[in-house]
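> 3D model of this:
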Amino acid sequence: MAAQADSDTDPVRHPSSAGDQRTMLLCEGDVATQAEWNRRIHLTNAQFQSLVTSRVLCRTALPTNADQRYRLDLVGLLFTELGAFFAAPKVFDGQAAPHQITEVVSCIRAYRKRLSAAKEVEAAEIQAWRDDPGRRIDTFLSLIDWTLARGFQCEDLPVQSDDPSDINWGATFDDALPLHLKTGTIYTDVVAHASRPALGALSPIQAAALVDLHDKLWPISSLWLSWYDPLLDRARDILDDQDATSIVQGAALETVTDYLQSCNRDHDLELAGILYDWLTRSTQTRVNPVAFGTTAFEYVWEDMCRSTITGLPCLMGHKEVASQPVYFLNHGEVQAASQRPDIVLNLGDGLAVLDAKWYKVIGSDFPGTPDIIKQIMYQATVSEDHTVKINAFLVPLAEDLPSARLLAHAALTGNQGLDPRFPGVLVIGLPWKLMASAYSQARHIPVERLLDGLTTEGEAGPG
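Sure, this is the predicted structure:
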């Protein structure tokens, strides 16, 4: 079993034994033929087909007399026999620094957690999710967080003490030999115990899990812990001092289960839960290739915008401020699906109607005509009691800026120029780093700060 760090059946390997591995970069939207993909990420034909079936790779339209090409739709991590690949969001334009990898992984984890807690989830969101090694990553990062905050698990053990303040007088009166003198009673011995922290029963399992997960997730794991990190050095020292039988699966699982049933310390219960997860569900043999992430990152971006910008008291529903479609029949009426912009905010002096779009506008990748028409209707149907101050698409922006930036303005035009009957739509770029940091930490960004200095719809025009 993989959890048996000191077991002779499955020893923990040094990552270097698998060669000089590194996290290799792919980019969402990369296109290549089957032969090119097989060479690039070291796939067999069967493995390639598994990625097509799982929609990590998607067939593109086939030009005349051309080889079939496949587009990478994954954002996240891809593990193959060649090593670990980071499939970067297209907004990075094929360039990604290590800190951006951790940002994306943090956002994926936050989305995954929110998705599992959501009461209503679209089927497409579930189908797009790729979670093969996801539990390993969650367990590894949770274990790092716990260990950095509290160290390796300790328990207070009683020891003999010479400190007078530790004398247990009740036990001394009961157990020690009294000598009665004219001046009083003295005791030949005293009972003095103190509690001293010592490594607890969970600590060797904690150490084994840390080393094992670091190895299995290598080189992705090196983003958080290098091979020579003091945390891993301490874990190896603990394992060197332990009897191997204490961390084989059966004994370790029994220890962890006992803690879950009998322990009343919240932090130890949290650790026991992490270790139980490692022992029971995150140590299965990995079959290459596996992916962690989503093939529809637009859902993550929408959630990033909604949860980060809308965590304010000025959030509204479109139904509250706009008319909605309905069918009138001879025998009555049928309500059609309501309009659903991602965000409607009351800014005080007007509304902001915002829709998140996963497009790389800097590379001329714009929302299409149906998106523009739909966004125009979001504003056009707002009642006369309200004024729409900002009607906009929210797109990601790779630049590290303190606030949003106005990138473009979409409008309808005809032979006479701009069509005054219909409002325009702003295209607003939101800095990826700002949004990712807030989302992964469950923080909100005041809309005033985010949209500070933007040109409003009435002031902006084409060109």
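
> CA atoms for contacts and neighbours, from now on please.
Will do.

> for the protein, longest helix please?
helix 98-117 (DSSP state H).

> from the chain's centre, how far out does that helix sit?
When distances are taken as Cα atoms, centre = their mean, to the nearest Å, helix 98-117 is centred 2 Å away from the chain's centroid.

> Cys263 contacts Leu271, correct?
No - between Cys263 and Leu271 there is no contact under Cα atoms under 8 Å: 11.1 Å.

> Of those two, give the one with the bigger neighbour count.
Set side by side, Cys263 and Leu271 show more neighbours around Leu271, with 23 against 13, by other Cα atoms under 10 Å.

> what's around Pro341, how many residues?
Residues lying near Pro341 (other Cα under 10 Å) number 17.

> coming back round to it: flag every buried residue along the longest helix of the chain.
Within helix 98-117, the residues that qualify as buried by neighbour count (16 or more other Cα atoms under 10 Å) are 100-101, 103-112, 115.

> Could you write out the alpha-carbon coordinates of that helix in PDB?
Once non-C-alpha atoms are left out, helix 98-117 reads as follows in PDB (Å, rounded to 0.1, in the frame of the first residue of the first chain):
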ATOM      1  CA  PRO A  98       5.100  29.100 -10.500                       C
ATOM      2  CA  HIS A  99       3.000  31.500  -8.400                       C
ATOM      3  CA  GLN A 100       0.300  31.600 -11.200                       C
ATOM      4  CA  ILE A 101       0.200  27.800 -11.000                       C
ATOM      5  CA  THR A 102      -0.600  27.900  -7.300                       C
ATOM      6  CA  GLU A 103      -3.200  30.700  -8.000                       C
ATOM      7  CA  VAL A 104      -5.000  28.500 -10.500                       C
ATOM      8  CA  VAL A 105      -4.900  25.400  -8.300                       C
ATOM      9  CA  SER A 106      -6.200  27.500  -5.400                       C
ATOM     10  CA  CYS A 107      -9.100  28.800  -7.500                       C
ATOM     11  CA  ILE A 108      -9.900  25.300  -8.700                       C
ATOM     12  CA  ARG A 109      -9.900  24.000  -5.200                       C
ATOM     13  CA  ALA A 110     -12.200  26.900  -4.000                       C
ATOM     14  CA  TYR A 111     -14.600  26.200  -6.900                       C
ATOM     15  CA  ARG A 112     -14.600  22.500  -6.200                       C
ATOM     16  CA  LYS A 113     -15.500  23.200  -2.600                       C
ATOM     17  CA  ARG A 114     -18.200  25.600  -3.600                       C
ATOM     18  CA  LEU A 115     -19.500  23.200  -6.200                       C
ATOM     19  CA  SER A 116     -19.900  20.400  -3.700                       C
ATOM     20  CA  ALA A 117     -21.800  22.700  -1.300                       C
END
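
> which outside residues touch it?
76, 86, 88, 121, 138, 223, 293, 300, 303, 433, 436-437, 439-440 (Cα atoms under 8 Å, 6 or more residues apart in numbering).

> now with 7 Å?
76, 223, 293, 300, 436, 439-440 (Cα atoms under 7 Å, 6 or more residues apart in numbering).

> Also stretch 31-39?
Contacts of stretch 31-39 with the rest of the structure, by Cα under 7 Å, 6+ apart, involve 44, 48, 67-72.

> re the thing from before, ChimeraX command for the buried members of the contacts of helix 98-117?
Here is the ChimeraX command that selects only those of these that count as buried (16+ other Cα under 10 Å):
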select :76,293,300,436,439,440
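
> Put together TSV for the contacts of helix 98-117, with pLDDT and secondary structure on each row.
Formatted as TSV, the entries for those read as follows, by pLDDT from 0 to 100; DSSP: H, G, I helix; E, B strand; the rest coil:
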residue	pLDDT	secondary structure
Gly76	88	strand
Leu223	74	helix
Gly293	85	strand
Val300	92	helix
Ala436	91	helix
Tyr439	92	helix
Ser440	88	helix
